[in-house]
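Chemist: fold the following for me, if possible:
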Amino acid sequence: MGGWFSVFDHGTPEVAVFEKGNKTEKEESIRGCLKPHNKQLTTSEFTINSLPEGYQEDDIYELVNYIADFTVRISVNFSSKKRLNFWQQAKVQFQGNNRGERHSGSGRIADVYQDTNEIKTCLCSNCINGTKNNAPKEIWTVVVFTATHVVFDDSEARRSECKLFYDTKDGMFKQLNVSKCRWRNVAHLTYSASSLLGHQVVL
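Modeler: Residues are numbered from 1 along each chain as shown. As a prediction, this is how the structure comes out:
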């Protein structure tokens, strides 16, 4: 990574853009992805023998599993009007700026905590829209880091969903609604951090 005033080599950042229809996010993501998926495994299929020779060690295997557990899938149901058209000082199109289209990307859990000094009202969309009882309750905050081209600003964060433990054969996962975008680095388009408020989140 470069310093604060460096021009970053962004490589090939990606988001999966979903078409209207009945296909699931996973099916559409694989169909539209340019990467080879012939050796793709779910976390339940991953074993120590899946690692390359020379890396088949218990500590490396455990590390990969821990990283997978902290990886989340973020589904963004709104494109901000403030999204850029191009990357900084470049003619490379900024992804995810097609109005009316959903897109998704990945992120990682950076922190989980509970503020015991105050009783919070949950800010997730279910509680705000009245689909759940919004009485004071035990609230945990999950902080997720992702790329700015996945979640650009607060307007997108509030219309996003975050799935934990999503890469399993049985399709079971935990879902949290994103409450806000805490900060973002628009100048260099590197990372943004979003807060998720969940009821009795167990990680």
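Chemist: just to check, Glu161 is in contact with Lys174?
Modeler: No: the pair Glu161 and Lys174 does not pass the contact test of C-beta atoms under 8 Å, sitting 10.9 Å apart. For the C-beta atoms, the positions are set from N, CA and C on the backbone; glycine is no exception.
Chemist: can you tell me what sits against stretch 66-75?
Modeler: Surrounding stretch 66-75, the residues in contact under the criterion C-beta atoms under 8 Å, 6 or more residues apart in numbering are 25, 43, 46, 102, 104-109, 144, 146, 150-151, 160-167, 178, 194, 203.
Chemist: hmm, back to that, settle it for me: which of Glu161 and Lys174 has more neighbours?
Modeler: Looking at Glu161 and Lys174 with other C-beta atoms under 10 Å, you find the greater number of neighbours at Glu161, namely 18 against 14.
Chemist: low-confidence ranges, this protein, go.
Modeler: Applying pLDDT under 70 to the chain picks out residues 1-37, 85-101, 118-138, 168-173, 178-179, 184-203.
Chemist: would you mind finding the longest helix in it?
Modeler: With secondary structure taken from DSSP state H, the chain has its longest helix at helix 58-69.
Chemist: next, the buried residues of that one.
Modeler: Applying a neighbour-count criterion of 16 or more other C-beta atoms under 10 Å, the buried positions in helix 58-69 are 61, 64.
Chemist: ok, then the element right after it?
Modeler: Note on helix 58-69: by DSSP states H and E, the next helix or strand toward the C-terminus is strand 71-76.
Chemist: for that next one, which strands pair with it and how are they oriented?
Modeler: Its sheet considered, strand 71-76 pairs with strand 102-113 (antiparallel), strand 160-164 (antiparallel) by DSSP bridges.
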